[in-house]
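Q: This is a predicted model, with the sequence first.
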Amino acid sequence: FQRTQNTHQRTKCQPHHSPSSRCISSSGSPHRLLIQTMLPSISANLLRRARTLQRTHTASKALIARTLSSSKSTSTTHLVVNAVGDDRPGIVSEISQHVSKQGGNVGASQAAKLGPYFSLLMMVECPKSSVDDLKEAITTEMKGMNASIFETTAAAESKPTPAVAYSGRFTVSGADHIGIVHKVTSYLASKGFMIDSMKTTDEIAPHGGTTLFLMEGVATVPEPVPKSFDLDAVHSELAALGDSMNCDVSMVEQTESEEYAASFYGG
């Protein structure tokens, strides 16, 4: 009886290892190796799919943008509004109000006061369905203004601006007589200059009743510069032209700080 009891106790105290537990314990290492082997392949596959989705998303955004741009270009048109009349408060406000009422948008514009008159030049983008109404409103409802509107094929901003090789500010002053503007501008054109802005005025001389003619503006030479262009010759020939007209004619290079003022006729 004692031997049987001792045998029972030894059997009870020894750990019991079933076949299934031995399988789990021995198979843990192969599982980890399998996961470590497959993980790089899974990561690479996920990365390729992410890149494919990103390219597809980018292409879809570009297609949507082109579609919207095409739809906008076919549903709108560009107009040039030119209005001249007696100067009074509210001219620009009234014209821009007509544009807004018709769903239009004001782009580039320039305005100038010419003696007692006011002149406005304006680019407008407008829905095609509202063009006739906008034309009628501006040409008939603007009191004291003579307005004209014509359609353009595209926005002025979409056309590339030629690079400027030289920009000069020219001035003319002297006794007023017929032909000054024509002679000066014709000479500048013959040398490849383009007139960007120009202003002319008359005033009484400080001493005596002689009327003085004043003219100033900005002229530029676009690239490429003609091989025959000689700036020193331009300066001397303008001075000689002024002597022949009893005027002072000169040109100096325009600095970048003066470009803003020049675009609005010197304020």
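A: Structure received.
Q: which stretches of the stretch 51-200 of the chain form helices?
A: 91-101, 131-141, 180-190 (DSSP state H, counting those that start in this stretch).
Q: Make a markdown table out of these and add mean neighbour count.
A: Placement of C-beta: from N, CA and C, glycine included. Formatted as a markdown table, these follow (neighbours: other Cβ atoms under 10 Å):
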| stretch | mean neighbour count |
| --- | --- |
| helix 91-101 | 16 |
| helix 131-141 | 16 |
| helix 180-190 | 15 |
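Q: Among the ones you listed, which comes closest to G242?
A: Shortest separation from G242 across these is recorded for helix 180-190, at 8.5 Å, computed as Cβ to Cβ.
Q: contacting residues around the closest one?
A: When contacts are taken as Cβ atoms under 8 Å, 6 or more residues apart in numbering, the neighbours of helix 180-190 outside the stretch itself are 170, 172, 174, 195, 198, 200, 213, 215, 219, 237-238, 241, 245, 247, 249.
Q: Now G192. Its backbone dihedrals?
A: Main-chain torsions, G192, degrees, to the nearest 10: phi 90, psi 10.
Q: Can you tell me the number of residues neighbouring it?
A: 17 (other Cβ atoms under 10 Å).
Q: which stretches of the chain form strands?
A: In the chain, strands defined by DSSP state E lie at 76-86, 105-114, 117-127, 145-152, 164-175, 194-204, 211-222, 247-253, listed in chain order.
Q: In PyMOL, select just the buried ones from the contacts of helix 180-190.
A: For the buried members of the contacts of helix 180-190, the matching PyMOL selection, counting by 16 or more other Cβ atoms under 10 Å, is:
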select buried, resi 170+172+174+198+213+215+219+238+241+245+247+249
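Q: Of all pairs in the contacts of helix 180-190, which one spans the longest distance?
A: Pairwise distances across those peak at 21.0 Å for T200 and E237 (criterion: Cβ to Cβ).
Q: quick one: contacts for T171?
A: Contact analysis of T171 by Cβ under 8 Å, 6+ apart lists 214-216, 248-251.
Q: how about a cut-off of 7 Å?
A: 215-216, 250 (Cβ atoms under 7 Å, 6 or more residues apart in numbering).
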